[in-house]
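Undergrad: task: produce atomic coordinates for the following.
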Amino acid sequence: QVQLKESGGGLVQPGGSLRLSCTASGRISGLYGMGWYRQAPGKEREFVGQIRWSGGTTDYADSVKGRFSISRELRKYTIYLQMNSLEPDDTAVYYCFANILRREFWGQGTQVTVAS
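TA: Residues are numbered from 1 along each chain as shown. Here you go, the predicted structure:
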């Protein structure tokens, strides 16, 4: 079993910052990468970004490039999503995922609300 535990969501004003974290535990041998998707009310889940566990290469959706960044902490099997210059359109439930041996695992999600 693989468990992904997210934390760090909340309410933030437009222009503000927030940092999410996601820690993987359990049978995580063969971890290839981790990342984030998000789902806003009434919309489909969309890719936010990901980081490859070996090497740390990152990819981001165009909508968040330059504002969001993902980093990893190897010993803790944890990734971070640093979100800056947040906009109301960033409001969504953010889901952490992990790619392990060609399988995807998901966290429960954490709510991020950007509002004044």
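Undergrad: quick one: residues in contact with the helix or strand containing residue 98.
TA: Secondary structure from DSSP states H and E places residue 98 in strand 92-100. Residues from elsewhere that reach strand 92-100, judged by C-beta atoms under 8 Å, 6 or more residues apart in numbering: 2, 4, 6, 9, 20, 22, 24, 27-41, 43, 45, 48, 50, 79, 81, 104-112. From N, CA and C alone the C-beta is placed, and that goes for glycine too.
Undergrad: restricted to buried residues, select those residues in PyMOL.
TA: In PyMOL, this line selects whichever of the contacts of strand 92-100 come out buried by 16 or more other C-beta atoms under 10 Å:
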select buried, resi 2+4+6+9+20+22+24+28+31+33+34+35+36+37+38+48+50+79+81+105+107+109+110+112
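Undergrad: tell me which of the contacts of strand 92-100 fall in strands.
TA: Under the assignment DSSP state E, the contacts of strand 92-100 contribute 2, 4, 6, 20, 22, 24, 31-39, 48, 50, 79, 81, 104-106, 110-112 to strands.
Undergrad: number of nearby residues for the residue nearest to residue 104 when sequence neighbours are not counted?
TA: Once flanking residues are discounted, residue 104 sits nearest to residue 97: 5.5 Å by C-beta to C-beta, 6 or more residues apart in numbering. Around residue 97 there are 19 other residues, counting by other C-beta atoms under 10 Å.
Undergrad: beta-bridge partners for residue 97, please?
TA: Each beta-bridge partner of residue 97 is listed here: residue 35, residue 106, as defined by DSSP bridges.
Undergrad: could you measure from the residue nearest the centre of the chain over to residue 116?
TA: In the chain, the centroid-proximal residue (C-alpha atoms, centre = their mean) is residue 36; its distance is 3.1 Å. Distance from residue 36 to residue 116, counting by C-beta to C-beta, to the nearest Å: 24 Å.
Undergrad: great, nothing more from me.
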